[in-house]
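# my questions concern the predicted model and sequence given below.
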Number of protein chains: 2
Amino acid sequence: MTVFWRKGYEGASLADLTEAMGINPPSLYAAFGNKEGLFRAVLERYDARRQALMDRVIAASDPRSVARIFLEGVADFSADTGGRTPPGCLLVQSGLSCSDADIPQALAEHRAEKERALRERFERDKKADRLPKDANPATLASYLVAVANGMCIQAAAGATRKQLHDVIEIALAAWPLSAKTEPRSDDDGTRAMRTAVDK
Amino acid sequence: MTVFWRKGYEGASLADLTEAMGINPPSLYAAFGNKEGLFRAVLERYDARRQALMDRVIAASDPRSVARIFLEGVADFSADTGGRTPPGCLLVQSGLSCSDADIPQALAEHRAEKERALRERFERDKKADRLPKDANPATLASYLVAVANGMCIQAAAGATRKQLHDVIEIALAAWPLSAKTEPRSDDDGTRAMRTAVDK
DNA sequence: CCAATTCTGTATTGATTGCTACAGATATGG
DNA sequence: CCATATCTGTAGCAATCAATACAGAATTGG
């Protein structure tokens, strides 16, 4: 997993992979079929490792907490953790462009899965009036994923946890509060500024 | 340029490149030295094509316009334009992870150049009281680049211009207005919500 | 108009790619 | 304890990689 993470799908040679796994090529092919099969298994493993975070995100009490837990979780695992895993996100940096278009598509599907989970959560929030009536769950989810992926790119380039958390504070200032949780409404009644300290 | 864009640095073979350029390998090596030399020339060309946008961004009247013009510019060129160029951003998707670490670093430097231009602009804005006193120019620039890069990833995966512009509206709701341009201040005096329609 | 020079295109270079055949080692089962 | 089956490791497969040697064509200079 870390080999694909660090070198990308095409940059990871079988020699790199077998050496890191401590096995020989025939064993790899017996277990995974081919290089792409191994990569897809890696994606599943990666998702499984992120599932705990996504569970916490979806289980949060209100949409703003969803947003904060999601972004802070992404920042914490994507900022350099001291070499245990490479900085950034495997789903972002292992193959956005490849000679084999199946790889970018597989990555996009895995990212879209996260975005869908967020969207469905926000749809439930909207029905329960935890979001303003004109809020768009799909757009909110898309916004969060965009910020998260952008942070991953910065993390891969060496950004620190602190820098990412600063970005998060700005990103959350955009977050719409429902009239229910924020009774003091403004002129258009849809968005309110964040309070000075909300954590 | 489009070959590197579509297939990434390592996915672009010399056969792909020479065929697209209409030349033979010896001509390529006489002109650019090697594959990496060609790639670096491509990055310069790409930057040159984006310079007009960055000039408009930096010349905008106020920091919020800087943010809007930047994000809308990125959305417009990164959303699919009908095949003329690939969707997304070359600086993001051509090589975040490679077997040769020089490539991700070269890309990161080119992206950092844009972020620095934004930061310096915001530093001037802050001195001129066009930003709140507690605003952090570096963080604001980092935030914009994160959103922009995140949008590029979504564009590469097929997001439409409309979807990206919806994301931008949320991203700009986070934007701090100075007390000077937004006299109606709130409890912490640093951030104000966006108006319902501001374009 | 011809000789010198630059350029272009073909055909390879050695190295590395993803992948596999085959043989030796280990483990299993009766 | 031995025959069988499974696994591991070496060696090498064809194909492709980035990069060139070399020969013929085009162009230039005088």
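Perfect, thanks for sending it.
# please count neighbours and contacts with C-alpha atoms only from this point.
Fine.
# so A:E115 is in which element?
Element membership for A:E115 (DSSP states H and E) is helix A:102-127.
# with A:A75 instead?
helix A:63-78.
# does chain B sit close to that helix?
No. Figure legend: helix A:63-78 not in contact with chain B (Cα under 8 Å from any Cα of the partner chain); closest approach 12.0 Å.
# list the helices and strands that helix packs on?
Judged by 3 or more Cα pairs under 8 Å, 6 or more residues apart in numbering or on different chains; DSSP states H and E, the packing partners of helix A:63-78 are helix A:35-58, helix A:137-156, helix A:161-173.
# in the last one, what counts as buried?
This means helix A:161-173. Using 16 or more other Cα atoms under 10 Å in any protein chain shown as the test for burial, helix A:161-173 gives A:R161, A:Q163, A:L164, A:H165, A:D166, A:V167, A:I168, A:E169, A:I170, A:A171, A:L172, A:A173.
# kindly report the same for stretch A:59-70.
Result for stretch A:59-70 [16+ other Cα under 10 Å]: buried residues A:A60, A:D62, A:P63, A:R64, A:S65, A:V66, A:A67, A:R68, A:I69, A:F70.
# ditto for stretch A:32-43
Counting neighbours by 16+ other Cα under 10 Å, the buried set in stretch A:32-43 is A:K35, A:L38, A:F39, A:V42, A:L43.
# now the two most distant members of those residues.
Pairwise distances among the buried residues of stretch A:32-43 were taken by Cα to Cα; the largest, 12.5 Å, belongs to A:K35 and A:L43.
# does A:V145 touch B:N149 like I think?
No. With contact defined as Cα atoms under 8 Å, A:V145 does not reach B:N149; the gap is 11.0 Å.
# and those two? Which one has more around it.
Shown here are A:V145 and B:N149; by other Cα atoms under 10 Å in any protein chain shown, B:N149 has more neighbours (31 against 26).
# could the buried residues of helix A:161-173 go into TSV alongside distance to DNA strand C and pLDDT?
Putting those into TSV (distance: Cα to the nearest atom of the strand, whole Å; pLDDT from 0 to 100) gives the following:
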residue	distance to DNA strand C	pLDDT
A:R161	32	97
A:Q163	35	97
A:L164	33	98
A:H165	36	98
A:D166	38	98
A:V167	36	98
A:I168	37	98
A:E169	41	96
A:I170	41	96
A:A171	38	96
A:L172	41	96
A:A173	44	91
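# circling back: what angle separates the helix holding A:E115 from helix A:137-156?
130 degrees (axes from the mean of the first three to the mean of the last three Cα atoms, to 10 degrees).
# just to revisit the earlier point, make CSV out of the buried residues of stretch A:59-70 and add pLDDT.
Listed next are the buried residues of stretch A:59-70 as CSV, based on pLDDT from 0 to 100:
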residue, pLDDT
A:A60, 97
A:D62, 95
A:P63, 96
A:R64, 96
A:S65, 97
A:V66, 97
A:A67, 97
A:R68, 97
A:I69, 98
A:F70, 98
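# tell me the angle of the helix holding A:A75 relative to helix A:102-127?
Orientation note: helix A:63-78 sits at an angle of 150 degrees relative to helix A:102-127 (the same axes, to 10 degrees).
# list the contacts of helix A:63-78.
Outside helix A:63-78, the residues that touch it by Cα atoms under 8 Å, 6 or more residues apart in numbering or on different chains are A:53-54, A:56-60, A:86-89, A:122, A:125, A:130-131, A:144, A:147-148, A:151-152, A:155-156, A:161, A:164-165, A:168, A:172, A:175, A:177.
# show me which residues of chain A sit near DNA strand D.
Within chain A, the positions lying close to DNA strand D (Cα under 7 Å from any atom of the strand) are A:I23, A:N24, A:P25, A:P26, A:S27.
# now the two most distant members of the residues you listed.
The span of these, defined through Cα to Cα, is set by A:I23 and A:P26 at 8.4 Å.
# where does chain A dip in pLDDT?
Across chain A, residues meeting the criterion (pLDDT under 70) sit at A:178-199.
# picking that back up, turn the buried residues of stretch A:32-43 into TSV, including distance to B:R116.
Formatted as TSV, those follow (distance: Cα to Cα, whole Å):
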residue	distance to B:R116
A:K35	39
A:L38	39
A:F39	36
A:V42	36
A:L43	34
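# hang on, the earlier thing: just the closest of the buried residues of helix A:161-173 to B:G11, please.
A:L164 (30.4 Å).
# residue contacts, the closest one?
A:A75, A:A79, A:M151, A:A155.
# separation between A:A20 and DNA strand C?
Taking Cα to the nearest atom of the strand, to the nearest Å as the measure, A:A20 falls 13 Å from DNA strand C.
# touching, A:D125 and A:L131? I think so.
Yes. Using Cα under 8 Å, A:D125 makes contact with A:L131 at a distance of 6.0 Å.
# joint contacts of A:I23 and A:P26?
Joint contacts of A:I23 and A:P26 (Cα under 8 Å, 6+ apart) do not exist.
# what distance do you get for A:R64 to chain B?
Plainly put, A:R64 is 14 Å away from chain B if you go by Cα to the nearest Cα, to the nearest Å.
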